[in-house]
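In: what would the 3D arrangement of this be:
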Amino acid sequence: MHKGLLTLIGVGQLDSMRCKAIQELLAGTHKLNQDLYEGKVGCNAGCSATMLGFLQKGLWDHKLLSRIEKHDQHPFDGLSFDVLYQKLSGINNVFYAQSWGIIKRAGCCDIRYLFLAICEKAEAHLEFDSCTFLN
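Out: Now for the predicted structure:
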């Protein structure tokens with residue numbers, strides 16, 4: 001097999017893995033957003049609503065609201081898995097209460113744990129067997 005063709009096939013496979021991982025992050029976040037809205041996640045309605053508010057604000061701040069709505073539109077030009085991962089994993093429902101000088105969590109549940117499952121599922125798409133690229 002020609003070396004240039006092998007490189008081209010390898011790059012195509014890597015980009016496919018990147019797209020699948022990004023799609024998983026966006027689709028998982030979209031589903032979390034929907035589940036919080038419907039009250040399917042969180043220990044009670046107030047907790048779900050609080051986490052939904054923090055999620056919406058985080059997505060808005062990172063200009064990702066439209067991205068999660070279009071989670072199935074490839075090839076995700078200009079979108080890096082690492083940057084997206086960092087932005088999503090940085091969303092939390094913890095804030096600094098300046099008047100008391102302490103960090104508090106709004107709501108009972110921690111949204112970061114919900115993102116952990118989404119991120120782990122997305123990362124699985126980036127794992128590969130080096131033999132795949134040699135065949």
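
In: doesn't Lys40 lie inside a strand?
Out: No - under DSSP: H, G, I helix; E, B strand; the rest coil, Lys40 falls outside any strand and is assigned coil.

In: gap between it and Gly90?
Out: 24 Å (CB to CB, to the nearest Å). Where you see a C-beta, it was placed from the backbone N, CA and C, and this is true even at glycine.

In: for this structure, which spans come out with low pLDDT?
Out: Low-confidence regions of the chain, defined by pLDDT under 70, span residues 1-9, 71-72, 95-107, 128-135.

In: quick one, longest helix in it?
Out: Secondary structure of the chain read by DSSP state H shows that its longest helix is helix 3-37.

In: now do it: distance to the chain's middle.
Out: Centroid displacement of helix 3-37 relative to its chain, using CA atoms, centre = their mean, to the nearest Å, is 11 Å.

In: packing partners for it?
Out: Applying 3 or more CB pairs under 8 Å, 6 or more residues apart in numbering; DSSP states H and E, we find helix 3-37 packed against helix 45-61, helix 65-69, helix 81-89, helix 111-123, helix 130-134.
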